[in-house]
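> Just a sequence and a predicted model for now, questions to come.
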Amino acid sequence: MPERGPATAASHDSSPESPSAPAATASLTRARRTSLLVTFILGGLTALPPLSMDMYLPALPQVTGALNSSAATIQLTLTACLAGMALGQLVIGPMSDRWGRRRPLLVGMAVYVLATAICALAPTAELLISFRLLQGLAGAAGVVIARAVVRDLYDGHEMARFFSTLMLISGAAPIVAPLIGGQVLRFADWRGVFVVLTGVGAVLTLMVWRGLGETLPPERRHTGGVGSALRTMRGLLGDRVFTGYTLTGGFAFAALFAYISASPFVVQEIYGASPQTFSLLFGLNSVGLILVGQINGKLLVGRVSLDKVLAVGLAVVTASTVSLLLMTTGVFGEVGLVPVATALFVLMSAMGIVLPNTNAQALMRTPHAAGSASALLGTSSFLVGAIASPLVGIAGEDTAVPMALVQLVCAVLSAGCFLALCRPWQKRGDPAVPATAGN
């Protein structure tokens with residue numbers, strides 16, 4: 001598939017005679033001229049999920065006491081937000097294929113701001129859980145439409161490079177979010193965290209309104225209803241290669257999510273690190289992910305096949321999970337924090353290759369339905385991650401084996417889907433366009 005930059009992403013589907021073709025070309029030309037602003041906006045939108053989840057983590061004990069609720073009930077506020085972001089993408093992605101990217105994104109961001117503001121005022125745990133669910137549903141608009149916009153503007157290696165660039169912003173969110181949350185709690189109670197998130201959402205909404213134009217021309221939109229959207233998704237899942245990249249990325253994300261869920265307990269309780277040491281290690285791992293993502297985008301993409309780079313990334317992820325399992329089961333005897341932290345660093349860093357390249361390879365096959373494809377990519381990752389997360393503590397608080405085992409299983413499944421479904425050694429034809437794509 002030939003590459004195209006942002007100036008030609010939509011115009012290649014428009015005939016010169018089409019009255020909307022000049023407008024579409026002009027819009028994408030403006031997008032290229034403001035590429036730094038567009039990059040910042042899209043990065044902010046993709047950073048919204050980790051900001052919404054991680055900034056709130058330091059406040060959990062305080063919320064439990066303030067709302068006179070149990071820890072298990074307050075944990076549902078995290079589950080509700082995560083479930084909302086997973087399911088919301090299935091709705092908002094197809095909507096953006098029908099009505100364009102801009103309107104659903106602005107509506108979703110406005111609802112996110114409103115829901116977050118109500119979270120700050122919630123008098124009971126039940127109301128907080130309900131509006132965290134709505135916050136997740138609305139916040140899904142940012143991440144799912146951001147990926148679709150990238151697909152509208154870029155193709156081929158340019159798209160892979162752009163996804164790697166986005167990791168500079170979105171990859172930093174898990175580092176700074178708990179730090180921001182902790183600082184907010186020095187000057188305000190847990191409600192202050194939601195006030196800050198409301199402000200972040202309002203600023204992003206304003207930036208989208210002022211700085212992000214429509215990237216999906218009318219002639220490329222779908223006009224069908226719910227049935228058409230479902231048929232489009234079924235057609236996408238019928239593409240073996242697209243499904244392969246979706247599952248490859250989803251299981252890789254699950255291995256990453258297992259680390260995020262278990263590492264505070266493993267590093268601090270089992271290996272005796274202080275909270276400050278854990279924060280330092282968590283930050284270093286996130287920096288490794290960002291740096292490898294930049295190496296991928298700046299040095300590897302365009303010089304090495306994306307599938308070859310992806311294969312190396314999956315091999316590194318699998319090897320690191322094998323080493324973690326061997327260390328945690330005592331095969332090497334008693335090991336301290338340093339070897340375990342090193343293996344986790346390698347695992348996290350390799351995600352800087354795996355995640356952007358699976359997204360790029362999947363979306364390259366779906367120019368006819370980028371919103372729906374982005375929805376399937378995001379939902380699969382969140383759902384598989386949500387399933388893997390509770391399994392890391394299934395054997396209790398005295399062992400890190402479940403974390404390593406879950407990560408290894410996810411890594412093997414990710415590599416298996418890549419080999420069995422993507423079949424990178426075969427020459428691929430273009431995917432069949434579903435009959436509803438242009439209707």
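Received it, and whenever you're ready, just let me know what you need. Numbering: from 1, shown residues only.
> Can you classify the residue nearest to Gly44 when sequence neighbours are not counted as helix, strand or coil?
Closest residue in space to Gly44, ignoring its immediate chain neighbours: Leu204 at 5.2 Å, by CB to CB, 6 or more residues apart in numbering. (Glycine included, C-beta is placed from N, CA and C.) For Leu204, the assignment made with DSSP: H, G, I helix; E, B strand; the rest coil gives helix.
> wait, Leu204 sits on Gly108?
No - Leu204 is beyond contact range of Gly108, at 10.8 Å (criterion: CB atoms under 8 Å).
> Show me the shaky parts of the chain.
1-34, 72, 171, 175, 224-227, 275, 393, 395-397, 428-439 (pLDDT under 70).
> What ranges does it have for its strands?
For the chain, no strands are identified by DSSP state E.
> care to break it down by domain?
Domain ranges of the chain: 18-221, 224-439, per automatic domain parsing.
> Take those domains and write them to a markdown table, including mean neighbour count.
As requested, these are exported to a markdown table (neighbours: other CB atoms under 10 Å):
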| stretch | mean neighbour count |
| --- | --- |
| domain 18-221 | 20 |
| domain 224-439 | 20 |
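> Run through the residues that contact the residue nearest to Gly44.
With contact set as CB atoms under 8 Å, 6 or more residues apart in numbering, Leu204 has these partners: 41, 44-45, 48, 109, 142.
> which one of those residues is nearest Ile260?
Among the contacts of Leu204, Leu48 lies closest to Ile260 (CB to CB), at 16.3 Å.
> List the residues that contact that closest one.
Taking CB under 8 Å, 6+ apart as the criterion, Leu48 is in contact with 112, 139, 142-143, 200-201, 204.
> what does Ser380 give?
Applying CB under 8 Å, 6+ apart, we find Ser380 in contact with 246-247, 249-250.
> Pro49 contacts Val143, doesn't it?
Yes - in terms of CB under 8 Å, Pro49 counts as a neighbour of Val143; the distance is 5.8 Å.
> hey, what's in contact with both of the two?
Residues touching both Pro49 and Val143 by CB under 8 Å, 6+ apart: Met85.
> Backbone dihedrals for Phe332, both of them.
phi -90, psi 10 (degrees, to the nearest 10).
> Could you tell me which residues make contact with it?
326, 339.
> and it, how far is that from Leu324?
Look at Phe332 and Leu324: by CB to CB, to the nearest Å, they are 11 Å apart.
> How about Ala252?
Taking CB to CB, one finds Ala252 at 15 Å from Leu324.
> how much space between Gly93 and Val335?
As for Gly93, its distance to Val335 is 44 Å (criterion: CB to CB).
> Spatially nearest residue to Ile295, not counting backbone neighbours?
Gly352 (7.5 Å).
> Repeat that for Leu408.
The shortest distance from Leu408 to any non-neighbouring residue, by CB to CB, 6+ apart, is to Thr321 (4.0 Å).
> wait, what's in contact with that neighbour?
Thr321 touches 255, 347, 404, 407-408, 410-411, counting by CB under 8 Å, 6+ apart.
> Show me the helices in the stretch 1-150 of the chain, by range?
In the stretch 1-150 of the chain, the segments counted as helices under DSSP state H, counting those that start in this stretch are 21-33, 35-54, 60-66, 71-99, 102-121, 125-153.
> And for the stretch 151-300 of the chain?
Using DSSP H, counting those that start in this stretch, helices in the stretch 151-300 of the chain cover 156-170, 173-187, 190-211, 226-238, 240-265, 275-295.
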